[in-house]
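# Show me the folded form of this:
(one chain, ligands or ions: 2)
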Amino acid sequence: MGFVIAVDGPAASGKGTIASRLAAHYGLPMLDTGLLYRAVGVRLLDAGGDLDDAAAAEVSARGLDLAELERPEVRTRAAGEAASRVAVHPGVRAALFDLQRAFAGQEGGAVLDGRDIGTVIAPEAPAKLYVTASPEVRADRRWKQLTGQGETVSFEEILADIRKRDERDGGRKDAPMAQAEDATLLDTSEMTIPLAFDAALRIVETARARWGNPKG
Ligand SMILES: Nc1ncnc2c1ncn2[C@@H]1O[C@H](COP(=O)(O)OP(=O)(O)OP(=O)(O)O)[C@@H](O)[C@H]1O
Ligand SMILES: Nc1ccn([C@@H]2O[C@H](COP(=O)(O)O)[C@@H](O)[C@H]2O)c(=O)n1
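Ligands and ions are numbered 1, 2, ... in the order given. Predicted coordinates:
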């Protein structure tokens with residue numbers, strides 16, 4: 001495995017923003033694994049399926065075409081909820097495992113963000129961050145993001161979504177959202193995006209030095 005950076009944490013903590021900037025900094029490919037689950041949820045809803053039907057959700061996951069990750073529908077509030085509901089099914093997680101594992105196994109390394117990268121997908125990753133922020137801060141960030149995309153929703157509705165998502169993601173039996181024992185916690189509640197990236201970069205550089213990358 002090359003230099004893999006795992007960026008886990010709850011909804012709207014800023015994982016994707018940090019992961020994409022780390023990927024650009026190191027010239028590494030990046031996978032937002034949440035898009036996989038969002039696309040599975042959206043395609044199941046498109047087919048008129050039940051998000052709580054484990055078998056139907058697995059069929060949806062096994063039929064996923066990566067081009068579907070580009071659909072604008074996957075970035076909506078509804079897609080985030082659908083993702084979290086299909087993500088509880090072990091069959092869905094199993095169907096998406098090999099793709100994520102292969103992405104992490106790329107020779108030069110990779111950056112992946114999600115909920116279980118440091119614990120399940122790439123437990124041997126040399127650099128692991130667990131990015132978080134208070135539920136209120138995360139709800140504010142998500143509310144600004146969704147209303148900026150034209151969705152009509154209240155802050156209070158998003159805060160309720162965040163709390164429900166945290167509970168479901170952290171409470172599920174299979175691959176629950178969790179900070180890996182060797183992951184460094186990064187609370188971005190009081191940080192701007194540049195400050196959060198700087199803090200993340202310091203953590204990754206420390207891990208990189210320890211990893212002894214021949215490129216120095
Ligand atoms: N430190 C920050 N300060 C202010 N806004 C931020 C910060 N980090 C990220 N954001 C903004 O918050 C929103 C959510 O960020 P991002 O998509 O990176 O979160 P995430 O953890 O990947 O979310 P999810 O896992 O739900 O996809 C985006 O609009 C992003 O620009
Ligand atoms: N590795 C992952 C990534 C995501 N999920 C589930 O998908 C939902 C949406 O993810 P976002 O990153 O787009 O918010 C998330 O709430 C999880 O339920 C997952 O289980 N594992």
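# From here on, just use CA atoms for contacts and neighbour counts.
Fine.
# Any part of the top helix by length along the chain near ligand 1?
Longest helix of the chain, by residue count under DSSP state H: helix 193-211. Yes: Helix 193-211 comes into contact with ligand 1 (Cα under 6 Å from any ligand atom), by way of Ile193, Ala196.
# Quick one: residues contacting the residue nearest the centre of the chain.
Geometric centre of the chain, nearest residue: Gly114, 2.3 Å, by Cα atoms, centre = their mean. Gly114 sits next to Val7, Asp8, Gly9, Lys15, Asp32, Thr33, Gly34 when contact means Cα atoms under 8 Å, 6 or more residues apart in numbering.
# Look up the pLDDT of it for me, please.
We have a pLDDT of 98 for Gly114.
# which non-adjacent residue is nearest it?
Leaving aside its sequence neighbours, Gly114 sits nearest to Asp8 (Cα to Cα, 6 or more residues apart in numbering; 4.9 Å).
# The one you found: neighbouring residues, count only.
Asp8 has 30 neighbours, counted by other Cα atoms under 10 Å.
# wait, doesn't it sit right on Tyr130?
Yes: using Cα atoms under 8 Å, Asp8 is in contact with Tyr130, at 4.8 Å.
# Name the residues contacting each of the two.
What both Asp8 and Tyr130 touch, as defined by Cα under 8 Å, 6+ apart, is the set Gln179.
# Give me the distance between the residue nearest to the centre of the chain and Glu181.
Counting by Cα to Cα, to the nearest Å, the gap from Gly114 to Glu181 is 16 Å.
# and Val111, that's in a strand?
Yes: counting by DSSP: H, G, I helix; E, B strand; the rest coil, Val111 is part of a strand.
# contacting residues around it?
4-7, 19-20, 22-23, 28-31, 104.
# top of those residues by neighbour count?
Ala6 (31 neighbours).
# Find me the pLDDT at the closest residue in space to that residue that isn't next to it in sequence, would you?
Of all residues not flanking Ala6 in the chain, Lys128 sits nearest, at 4.7 Å (Cα to Cα, 6+ apart). If you check Lys128, the pLDDT there is 98.
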